[in-house]
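Colleague: Using only what follows, build the 3D model:
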Amino acid sequence: MEKKFKKIKNHRTLERLVRGFANYRRIEMLELVESEPELSAEEISSALNINYKTSADHLRRLTIAGLLLKRSDSVSIRHKLTPRAINVLKFLRTLE
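Modeller: Below is the predicted model of the structure:
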């Protein structure tokens, strides 16, 4: 019974991860941060021509999913990919 519970918990963790990148804007953001690490939310929203509030929400979701790391400099928050995000992008490219 204990093994079954752990397996279900793992499925829920995977679901949270998949929901984290299951949006075309979030995938665009991952690709952008891959090509230009250490971007701020303002720079990301400007590069993708989207509203700052929208980009901040997407970045929050990517962080919760464990796909982005945040680092504070004196003026803004900088973003970079986690190893998990690099694997997600590799996986997504196999689907193209």
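Colleague: What residues does Ala47 make contact with?
Modeller: Ala47 makes contact with Leu32, Glu36, Leu39 under the criterion C-beta atoms under 8 Å, 6 or more residues apart in numbering. Every C-beta, even on glycine, is put in place using the N, C-alpha and C of the backbone.
Colleague: Most neighbours out of the residues you listed, which is it?
Modeller: Leu39 (21 neighbours; other C-beta atoms under 10 Å).
Colleague: gap between that one and Arg16?
Modeller: 24 Å (C-beta to C-beta, to the nearest Å).
Colleague: go on, Glu34?
Modeller: Distance, Glu34 to Arg16, using C-beta to C-beta: 21 Å.
Colleague: Check Lys70 too.
Modeller: 18 Å.
Colleague: and Leu69, helix, strand or coil?
Modeller: strand (DSSP: H, G, I helix; E, B strand; the rest coil).
Colleague: Would you agree it is in contact with Thr82?
Modeller: Yes - using C-beta atoms under 8 Å, Leu69 is in contact with Thr82, at 5.6 Å.
Colleague: Point to the residue nearest the middle of this protein.
Modeller: The centre of the chain sits closest to Leu62, judged by C-alpha atoms, centre = their mean, with a distance of 3.0 Å.
Colleague: what's the residue nearest to it when sequence neighbours are not counted in contact with, if anything?
Modeller: Leaving out its chain neighbours, the residue that sits closest to Leu62 by C-beta to C-beta, 6 or more residues apart in numbering is Leu68, at 4.5 Å. Residues near Leu68 by C-beta under 8 Å, 6+ apart: Leu30, Val33, Leu59, Leu62, His79, Lys80, Leu81, Thr82, Ala85.
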